[in-house]
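Give me the fold of what follows.
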Amino acid sequence: MRKVAVLAVLLFFLAPGAASAFPFGGRASIVLPCHYNSTIYSLVGPPIGGEYIWTTGTRTYSFGPPTHAGQYLLGLAGAPYYCIYNLSPLIIYTGIAITMLGTSR
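Predicted coordinates for the structure are as follows:
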């Protein structure tokens, strides 16, 4: 019983750290507006690239959300998210939700 209590306390203190944001940034090679859930999917290249999704809850600075390929994106990302690109046929893109973002023109 004592081991379970210790494990519960450890999980309580470590779990928020697992959900914290991490930095990302690079040049976007693909930018797709997802009209069905008001998000924007971006495929970002190096130095810290990946698949990222701008949401309406993203804190966005200067030049607004991503609008076209070739833009540079820099910010923080957090939890997994999705982009509903098309309903028929169903096309869904997955990525990491952007929590804070600055873009180039």
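
what sits against L90?
I84 (C-beta atoms under 8 Å, 6 or more residues apart in numbering). Glycine gets a C-beta too; all of them are placed from N, C-alpha and C.

Tell me, please, the helix or strand in the protein that averages the lowest pLDDT.
None of the helices or strands of the chain scores lower by mean pLDDT, DSSP states H and E than helix 2-18, at a mean of 51.

The helix or strand just after that one pairs with which strands?
Beyond helix 2-18 on the C-terminal side, the first helix or strand identified by DSSP states H and E is strand 22-34. Within its sheet, strand 22-34 is paired with strand 39-48 (antiparallel), strand 72-86 (antiparallel), according to DSSP bridges.

May I have strand 22-34 as CSV, with CA atoms only?
Output of strand 22-34 as CSV, limited to C-alpha atoms (Å, rounded to 0.1, in the frame of the first residue of the first chain):
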residue,chain,number,x,y,z
PHE,A,22,8.7,22.7,-26.2
PRO,A,23,10.3,25.1,-28.8
PHE,A,24,10.2,24.5,-32.6
GLY,A,25,11.0,26.5,-35.6
GLY,A,26,11.9,26.4,-39.3
ARG,A,27,10.7,27.1,-42.8
ALA,A,28,7.2,25.8,-43.7
SER,A,29,7.1,23.7,-46.8
ILE,A,30,3.4,22.9,-46.6
VAL,A,31,0.6,25.1,-45.2
LEU,A,32,-3.0,23.8,-45.4
PRO,A,33,-6.0,25.6,-44.0
CYS,A,34,-8.5,23.2,-42.4
